[in-house]
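**Q** Let's see this in three dimensions:
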Amino acid sequence: MAKAEAKPAADGEQAPKKKGKLLIIIIAAVVLLGAIGGGALFMLKSSSHDDEEEVASETAAKPKKKSGKEAQPVYVALETFTVNLMPDQGEQYLQVAISIELDDAAAGEKIKVYMPKLRNTVMLLLSSKKGSDLVTTEGKEALALEIRQQMNTVLEPNSKAKDTPVKEVLFTSFIIQ
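**A** Okay, here's the model as predicted:
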């Protein structure tokens, strides 16, 4: 009988040790899985970013297909322009946000290089306008055409109208006050 009572006591002592070891193993497994998951997430983000750069460089290197399917246009948003307009009906100012449509990604890189000159050209053009000229749809369309011509003159001074990098100027915000 003494032996029977001793066995449960021995099993009772081993049960807490097993639970402690099991708890340590579970915690170590969770920490290990977290580290593996974090490393995998880091690698996926790094590789997806590298893939995007490769795709962008491949897109820039490929010429446009002439037959059938054309390449997707590239849109570049410029900063918001705020200028004083020529006096017409008292003091007025124009705040306009512009996006431009380009024919390929290489032109997008060229835009970044010439951005200060392009901003200056657009600012001078906008500040030379009167508010009454820009209120109508025709006035806005004429302004978009003038901006496009000025930008293409900066980017490609000797190019023909069909070979210009800026295909269209789009107003995303247009406020006259």
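
**Q** can you list the domains in this protein?
**A** Domain assignment for the chain by automatic domain parsing gives 1-61, 74-176.

**Q** Adding mean neighbour count and mean pLDDT, write these out as TSV.
**A** (Each C-beta comes from the backbone N, C-alpha and C, glycine too.) What follows is the domains of the chain, written out as TSV (neighbours: other CB atoms under 10 Å; pLDDT from 0 to 100):
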stretch	mean neighbour count	mean pLDDT
domain 1-61	10	67
domain 74-176	15	89
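
**Q** Tell me the first helix or strand C-terminal of the strand or helix carrying residue 45.
**A** Assigning secondary structure by DSSP states H and E places residue 45 in helix 2-61. Next along the chain after helix 2-61, taking DSSP H and E as the criterion, comes strand 74-77.

**Q** Partner strands of that next one and their direction?
**A** Using DSSP bridges, strand 74-77 pairs in its sheet with strand 93-102 (antiparallel).

**Q** Can you classify residue 117 as helix, strand or coil?
**A** The local conformation at residue 117, judged by DSSP: H, G, I helix; E, B strand; the rest coil, is helix.

**Q** So it sits against residue 153, correct?
**A** No: using CB atoms under 8 Å, residue 117 makes no contact with residue 153, being 10.4 Å away.

**Q** Please identify which helix or strand holds the nearest residue to residue 101 once chain neighbours are set aside.
**A** Nearest non-adjacent residue to residue 101, counting by CB to CB, 6 or more residues apart in numbering: residue 168, 4.2 Å away. Using DSSP H and E, residue 168 sits in strand 166-176.

**Q** Please apply the same query to residue 124.
**A** Per DSSP H and E: helix 115-127 holds residue 124.

**Q** So which other helices or strands are in contact with that helix?
**A** strand 81-84, strand 93-102, helix 137-155 (3 or more CB pairs under 8 Å, 6 or more residues apart in numbering; DSSP states H and E).

**Q** Take the ones you listed and write them to JSON lines, including distance to residue 73.
**A** JSON lines is the format used below for these (distance: least, CB to CB, whole Å):
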{"stretch": "strand 81-84", "distance to residue 73": "22"}
{"stretch": "strand 93-102", "distance to residue 73": "5"}
{"stretch": "helix 137-155", "distance to residue 73": "14"}
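
**Q** closest to residue 126 out of the ones you listed?
**A** Within these, the stretch nearest residue 126 is strand 81-84; the backing value is 4.6 Å (CB to CB).
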